[in-house]
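# please find the sequence and the predicted model below.
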Amino acid sequence: MKYCFSVLFLVSSFTLFSQNETVNDSIKEMNTELDVLVLEKKKQAVERKADRTIFDFSEQAYLNSGSLLEGLKKLPGLIISDVAGMLYQGKQLQVYMDGRPLNIYSNELNTYLEGLPANAIEKVEIITNPGAEFPATSGGAIINIISSKKAKKYLSATYSNGYSYTNYDKSRHRFNNSLTLSAANKLFSWQIQAGQSYTESYRKSKFTSTDAILSENYSDRTNRFYYLKTGLKFDFRKDRLLVNYDINTNNNRTDVDASGSGFTSNDKSKSKGYYHDVMLTYQKRFDDPFKKLNFRFNYNNNDSDFNLNSRINQNPVLDNNSNQDFYQFKTDYSQQIDFLDNTKISAGALADRLDFDATSFNIKNLEYTRTSLAAYTEVQALYKQFEFIVGGRLESYDIEGNTDTDNLIPFNQTRFFPNATIQYKLTSQIYFKTNYNKKISLPNTASLNPNNTRYQNPNIGYFGNPNLEPTIFNNYEIEVNAYEYFFIGYSITNANNQITDRVISTENGAASISENIPDATIRNFNFGIPIPYMLFTKGLKKTLQFDFNPDEINFLYVYVGNQMHNIPNVDTKSIWNINLMSQIILPKKIKFVASYNTSNVGGNHYYYKSERPINERLDLTFSKKFLSDNLSVSLYVNDILNTNKQKFSIVETDFIYNSSYDSRRVGFSLSYKIPSKNKLAKEEGNILNDDIKQGENSIGN
């Protein structure tokens, strides 16, 4: 009886959370008759596709209240921490913005994500199975943050802002403003998104050994962040030229009181960053709407300065600077052919170059150059209930450089990276999928940088490693998903020369360094299911009779993930991550969302062992729409129980690391879509984001 009830419960959940029958089959039948097919589909909170999961931020108040970093931390399966970095279902993420790599890492990346307001983001894609069209250097997974809204003909505008405060030991404030403008004329379309954020925050951390406090720090930080994203689109009959230019800058100031065994300090740090990105895209179109040819050139520059000075004697402690230039040219071609039920072939080529140099007290101690050449081909095919993706990518790397004392170990290799996905349609909306891909991860510039770009004192230091070697990944995954919301999956990643951070003992105390692990295996299990509350109030029979949008009902969504890092000669244990998200529609269409994240104690992230739950927090959000849904207002309390603290012991040492910050925060957020008086102001394609692969369904649902 229990077994029968469980089966009925799962089936009812699947049926309850389905929206529309899949339109893929009907679209494929109409392809030969229609040149243009327009579908209007209501946004879903979560969309699961064959190669990615898409989280909608624009309509989810509990995600878009506060900073983008805070919103990302609420996504089920995504871990962001001081020691783990950014992981999704056990895979390290490479960060893209609007379809192109950011090329910023570590604390600079956290500053960037903390500066962007979440209500300026449209959606976030996590590409768990990057195909051959993506660079093999993506490692295991990609997170693509999409900031662009839909552009409109004639002038349209969206204004967003937010404010929050915390009262840890005194009141600290955060506020942000952003404005998106778009319009079109007979010659071109244009779109601008500009904004700023101001953040005050507090953090305390302690680094101890068995018999001493090595360092106890109290940090008071102020961060100012400004950004501008622009887009121009020129149409030449069927062809199109897109011009994008982005710029952002940040200015951080931190006062640090620290003490430990043998020292006391009072320091002030200053960190400034300037980031420029320009993109030129030419899209060639043909009479056949399923034939596409694109040429793209991308350049970005990242300049960073970090200074640390003593407030006691005014002496400089650190003066570290870095500059990075990235150039990339890419071309992609795709078309459909009459083979099997439906077949699409893609091919392309890429060339890029990265130049990075680091300076300490005007002494250049690292010059690093990386050149990559690549070509790929991929076939996507449908045959009855099976869908296939088979591809391969050939990449060649030439890496060289030098420090102020010696030349780097050169890396010159050409490698082939295959990928394959098979998906079987059990029913119209239930799929079984298996995937394999081989990837590489090149050391990022934050890990290579020999300079310390974080706070240090006489007992604690942070150092990069210019001689890190690339990591080769073999990724295997199986998954069953149904009706977008239910899924269960298991993946294994075998990594050779895995790059990781670890803490080692030094003569004065401890140091955080980057190193290669010869062999590592990452195993990940994840499971998610929605539970509608009406199942308990109306019963199964009446529940099945309802026809509604699942994003507008009362439900509890349960996510459970297990992540295991196996490394040689270390007895590691897995980390269980749990995410519970409850949505309740109150009177007057007020939406109440409670989100709770936690994990077990004793699990390992490589050499770090958790001694308390990671990212444990309870967040509450109330939201409502006004003025014909043009005005969205939300009130929120993040980490209401003040439990978001970290504590790790370091494997093979007696060190303990504790960290906490003012994560309990009260605030509000609003977004107003200024309505256009012109009735002809219809939506057209994004201008700020030009990636044709983004959001497309590679195969299947």
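Perfect, thanks for sending it. This is a predicted model, so every value here is computed, not measured.
# strand partners of the helix or strand harbouring I143, parallel vs antiparallel please.
I143 belongs to strand 141-146 when assigned by DSSP states H and E. Paired neighbours of strand 141-146 in the sheet (DSSP bridges): strand 91-97 (parallel), strand 123-127 (antiparallel).
# what would those look like in JSON lines with mean pLDDT and mean neighbour count?
(Glycine included, C-beta is placed from N, CA and C.) Output for those, formatted as JSON lines (pLDDT from 0 to 100; neighbours: other Cβ atoms under 10 Å):
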{"stretch": "strand 91-97", "mean pLDDT": "88", "mean neighbour count": "22"}
{"stretch": "strand 123-127", "mean pLDDT": "93", "mean neighbour count": "22"}
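# okay if I get the ones you listed as CSV plus distance to T331?
CSV is the format used below for those (distance: least, Cβ to Cβ, whole Å):
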stretch, distance to T331
strand 91-97, 18
strand 123-127, 20
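# who touches the strand holding I143?
Outside strand 141-146, the residues within contact range by Cβ atoms under 8 Å, 6 or more residues apart in numbering are 68, 86, 88-89, 91-99, 121-128, 130, 134, 689, 691, 694.
# next one: stretch 417-424
Stretch 417-424 is contacted by residues 50-51, 129-132, 136, 378, 385-395, 431-440, 698-700 when judged by Cβ under 8 Å, 6+ apart.
# quick one: mean pLDDT for it?
For stretch 417-424, mean pLDDT rounds to 94.
# export it to CSV, keeping only CA atoms.
Taking Å, rounded to 0.1, in the frame of the first residue of the first chain, the C-alpha atoms of stretch 417-424 are listed here in CSV:
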residue,chain,number,x,y,z
PHE,A,417,37.6,16.5,-26.8
PRO,A,418,34.6,14.3,-27.7
ASN,A,419,31.1,14.7,-26.3
ALA,A,420,27.9,12.6,-26.6
THR,A,421,24.4,12.8,-25.3
ILE,A,422,21.6,10.3,-25.7
GLN,A,423,18.1,11.2,-24.5
TYR,A,424,15.1,8.8,-24.6
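# show me what whichever strand or helix holds S632 is packed against.
Under the criterion of DSSP H and E, S632 resides in strand 631-638. With contacts taken as 3 or more Cβ pairs under 8 Å, 6 or more residues apart in numbering; DSSP states H and E, strand 631-638 sits against helix 61-64, strand 617-626, strand 665-674.
# so what's the gap between the shortest one and the chain middle?
Translated: helix 61-64. 16 Å (Cα atoms, centre = their mean, to the nearest Å).
# nearest spatial neighbour of the residue nearest to the spatial centre of the chain, skipping sequence neighbours?
Nearest residue to the geometric centre of the chain (Cα atoms, centre = their mean): I143, 3.7 Å. Leaving aside its sequence neighbours, I143 sits nearest to L93 (Cβ to Cβ, 6 or more residues apart in numbering; 4.5 Å).
# make TSV out of the helices and strands packed on strand 631-638 and add mean pLDDT, mean neighbour count and distance to I345.
Below are the helices and strands packed on strand 631-638 laid out as TSV (pLDDT from 0 to 100; neighbours: other Cβ atoms under 10 Å; distance: least, Cβ to Cβ, whole Å):
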stretch	mean pLDDT	mean neighbour count	distance to I345
helix 61-64	92	26	37
strand 617-626	96	19	44
strand 665-674	93	19	40
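# closest one to D355 among these?
Closest to D355 of these, according to Cβ to Cβ: helix 61-64, at 36.3 Å.
# export that closest one as PDB, just CAs?
Output in PDB follows, covering the C-alpha atoms of helix 61-64 (Å, rounded to 0.1, in the frame of the first residue of the first chain):
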ATOM      1  CA  ALA A  61      11.100  38.100  -6.100                       C
ATOM      2  CA  TYR A  62      12.900  35.800  -3.700                       C
ATOM      3  CA  LEU A  63      15.800  35.600  -6.100                       C
ATOM      4  CA  ASN A  64      16.000  39.200  -7.400                       C
END
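# return the list of helices and strands in contact with the helix or strand following it.
Moving toward the C-terminus from helix 61-64, the next helix or strand (DSSP H and E) is helix 68-73. Applying 3+ Cβ pairs under 8 Å, 6+ apart, one finds that helix 68-73 makes contact with strand 78-81, helix 106-115.
# that older thread, in CSV: the helices and strands packed on strand 631-638, plus distance to L373.
CSV is the format used below for the helices and strands packed on strand 631-638 (distance: least, Cβ to Cβ, whole Å):
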stretch, distance to L373
helix 61-64, 39
strand 617-626, 45
strand 665-674, 43
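# among these, which is nearest P289?
Using Cβ to Cβ, the helices and strands packed on strand 631-638 put strand 665-674 closest to P289, at 30.4 Å.
# from I478, how far out is V390?
17 Å (Cβ to Cβ, to the nearest Å).
# who has more neighbours, the two?
Ranked by neighbour count (other Cβ atoms under 10 Å), V390 and I478 place V390 first, with 16 against 13.
# what comes up buried for the helix or strand hosting the more buried one?
Assignment of secondary structure by DSSP H and E places V390 within strand 386-403. Using 16 or more other Cβ atoms under 10 Å as the test for burial, strand 386-403 gives 387-395, 397, 399, 401, 403.
# repeat that for stretch 641-652.
Applying 16+ other Cβ under 10 Å to stretch 641-652 flags T643, N644, K645, Q646, K647, F648, S649, I650, V651 as buried.
# can you get me a residue count around D629?
If we define neighbours as other Cβ under 10 Å, then D629 has 10 of them.
# again, but for N407
Neighbourhood size, N407 [other Cβ under 10 Å]: 10.
# and the pLDDT for it?
93.
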